[in-house]
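A.B. asks: whatever this is, show me its structure:
(chains A and B)
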Amino acid sequence: AQSVTQLDSQVPVFEEAPVELRCNYSSSVSVYLFWYVQYPNQGLQLLLKYLSGSTLVKGINGFEAEFNKSQTSFHLRKPSVHISDTAEYFCAVSAPGGNNRKLIWGLGTSLAVNP
Amino acid sequence: ETGVTQSPTHLIKTRGQQVTLRCSSQSGHNTVSWYQQALGQGPQFIFQYYREEENGRGNFPPRFSGLQFPNYSSELNVNALELDDSALYLCASSDRDFGDTQYFGPGTRLTVL
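C.D. replies: Numbering: from 1, shown residues only, chains lettered A, B, ... in the order given. This is a model prediction of the structure:
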């Protein structure tokens, strides 16, 4: 079985500062890794994903994440945040070899970008 | 290419009633997954349908049921509603045969009074 831990429930940051949202996972098998963003009262939008290949993954809105197998981490980073990045961010995993590829989610990290 | 759509956007029901939520998949996708997201929580997997067959179920009671139609749209039905069923219900479509990345609709906000 897989599990996901998002290490920070809230991350306050000033506009134009860099940010890192941390995600660790646990799994006995290979996994796919995802970051989704949820704006208030909206659904989930895919930011980026790691399926295989290069461990540095670039996504939309200037976000990137690095898969670290030895540390079982998939931290999300952005070098300079904007007010519009204020949202809830979710890390999720799925097991590609399973019968169904359900997503297992972390509890989310609330990113608050302040002027 | 159209995205994932869900209806209705909001719904208010009372305890004991039944509700049906609908989801239209993204064009070309054969798999639909349903999630429940309580306020302040991450989504919880309810079940998944692949080519009209249930393909996995989370820890939800049988009063949560679903269907997938030949055009790959889907319904989530909840009987005997309880107060704790109040949540955002999210539908995600994917192509299980190619990469299986899930794309989400805007969700249906269900309030049970």
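
A.B. asks: which parts of stretch B:95-109 are buried?
C.D. replies: Across stretch B:95-109, burial judged by 16 or more other Cβ atoms under 10 Å in any protein chain shown covers B:Asp95, B:Arg96, B:Asp100, B:Thr101, B:Gln102, B:Tyr103, B:Phe104, B:Gly105, B:Pro106, B:Gly107, B:Thr108, B:Arg109. Every C-beta, even on glycine, is put in place using the N, C-alpha and C of the backbone.

A.B. asks: now, those that are in strands?
C.D. replies: Among these, DSSP state E puts B:Tyr103, B:Phe104, B:Thr108, B:Arg109 in strands.

A.B. asks: isn't the second one up against B:Leu88?
C.D. replies: No - contact status for B:Phe104 versus B:Leu88: not in contact, 10.6 Å apart, counting by Cβ atoms under 8 Å.

A.B. asks: what about the helices in chain A?
C.D. replies: Taking DSSP state H as the criterion, chain A carries no helices.

A.B. asks: any weak-confidence spans in it?
C.D. replies: Chain A contains residues with pLDDT under 70 at A:97-100.

A.B. asks: and with 80 instead?
C.D. replies: Within chain A, the stretches with pLDDT under 80 are A:1, A:41, A:95-101.

A.B. asks: all strands of it, in order?
C.D. replies: A:3-6, A:10-14, A:19-21, A:23-26, A:32-38, A:44-50, A:56-58, A:64-68, A:73-78, A:87-94, A:104-105, A:109-114.

A.B. asks: could you do chain B as well?
C.D. replies: Using DSSP E, strands in chain B cover B:5-7, B:10-13, B:19-24, B:31-37, B:44-50, B:53-57, B:64-68, B:74-78, B:87-94, B:103-104, B:108-112.

A.B. asks: other SSEs contacting the lowest-mean-pLDDT helix or strand in chain B?
C.D. replies: Ranking every helix and strand in chain B by mean pLDDT, DSSP states H and E puts strand B:53-57 at the bottom, with a mean of 89. Judged by 3 or more Cβ pairs under 8 Å, 6 or more residues apart in numbering or on different chains; DSSP states H and E, the packing partners of strand B:53-57 are strand B:44-50.

A.B. asks: now the least confident helix or strand of chain B and strand B:64-68, what's the angle there?
C.D. replies: Interaxial angle of strand B:53-57 relative to strand B:64-68 (axes from the mean of the first three to the mean of the last three Cα atoms, to 10 degrees): 140 degrees.

A.B. asks: strand B:53-57 vs strand B:31-37, what angle?
C.D. replies: Angle between the axes of strand B:53-57 and strand B:31-37 is 40 degrees (criterion: the same axes, to 10 degrees).

A.B. asks: which residues of chain B lie near chain A?
C.D. replies: With Cβ under 8 Å from any Cβ of the partner chain as the criterion, chain B comes near chain A at residues B:4, B:6, B:33, B:35, B:41-45, B:48, B:50, B:55-56, B:58, B:90, B:92, B:94, B:96, B:99-107, B:109.

A.B. asks: show me the contacts for residue 31.
C.D. replies: With no chain named, the answer covers chain A. Residues near A:Val31 by Cβ atoms under 8 Å, 6 or more residues apart in numbering or on different chains: A:Gln2, A:Tyr25, A:Val93, A:Ser94, A:Ala95, A:Pro96.

A.B. asks: my question was about chain B, not that one.
C.D. replies: B:Thr31 sits next to B:Gln48, B:Tyr49, B:Tyr50, B:Arg51, B:Asn55, B:Tyr72, B:Ser93, B:Ser94, B:Asp95, B:Arg96, B:Asp100 when contact means Cβ under 8 Å, 6+ apart.
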